[in-house]
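Q: Provided below for reference: sequence and predicted model.
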Amino acid sequence: MTRIILSLVCLILGVSAYAQKPEDLIAELRKAAADAHVVVEYSFSAFDGGVTVEDSGVVEAQDGMWVLKGRRIEIHTADGATWILDKDSKEAVVEPAWTYDDLVNFHNSAISSGHAPEIKVHKMTSLPLKETSYFIPALGSDWVVTDLR
């Protein structure tokens with residue numbers, strides 16, 4: 001679970017290559033996503049518990065909603081909930097919605113524990129706004145869902 005959360009935090013906080021503090025990165029993302037659908041293509045690597053964690057994918061953010069589509073996981077935040085999806089095992093965990101402040105706090109915790117990620121933002125674009133339903137995953141009956149809300 002830590003690697004999944006680290007994936008999201010790395011990506012969301014990696015939107016800007018020039019901002020130094022997590023608070024600045026979150027402020028930039030909030031500003032960009034306030035009136036547009038922001039799409040960020042990324043890759044990252046981090047050292048977590050003796051293992052190097054690498055991923056690449058796309059994050060799409062709009063207002064307080066986002067979806068991260070990595071190689072193995074997807075994380076959706078919208079409509080009062082956050083869905084963490086393991087696509088390979090078809091398992092989902094649903095938690096109360098994560099806020100941008102939650103991401104800053106988690107990132108600060110990761111840095112203090114020595115798990116600071118190396119992030120590369122390959123492309124960032126702005127698109128017209130999407131409906132809220134775009135950010136909510138559609139899961140079939142073959143998914144195992146653990147709802148922790």
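A: On my side now, so go ahead.
Q: all the helices of the chain, residue numbers only.
A: 2-13, 22-33, 100-112 (DSSP state H).
Q: burial measure for Ala97, as a count.
A: Applying other CB atoms under 10 Å, we find 16 residues neighbouring Ala97. Where C-beta positions appear, they are placed from N, C-alpha and C, glycine not excepted.
Q: ok, Trp143 next?
A: 15.
Q: residues touching it, list them.
A: With contact taken as CB atoms under 8 Å, 6 or more residues apart in numbering, Trp143 is in contact with 90-92.
Q: repeat the analysis, applying 10 Å as the threshold.
A: Contacts of Trp143 were listed using CB atoms under 10 Å, 6 or more residues apart in numbering, and they are 85-87, 89-92, 137.
Q: now the buried members of the residues you listed.
A: Neighbour counting with 16 or more other CB atoms under 10 Å marks 85, 92, 137 as buried within the contacts of Trp143.
Q: was I right about Ala81 contacting Asp147?
A: Yes: with contact defined as CB atoms under 10 Å, Ala81 counts as touching Asp147 (8.5 Å).
Q: when those two are compared, which one has more neighbours?
A: Neighbours per residue, other CB under 10 Å: of Ala81 and Asp147, the larger number sits with Ala81, 17 against 10.
Q: can you give me the distance of Gly49 to Leu29?
A: Counting by CB to CB, to the nearest Å, the gap from Gly49 to Leu29 is 27 Å.
Q: between the two, who's got more neighbours?
A: Of the pair Gly49 and Leu29, Leu29 is the one with more neighbours under other CB under 10 Å, namely 24 against 8.
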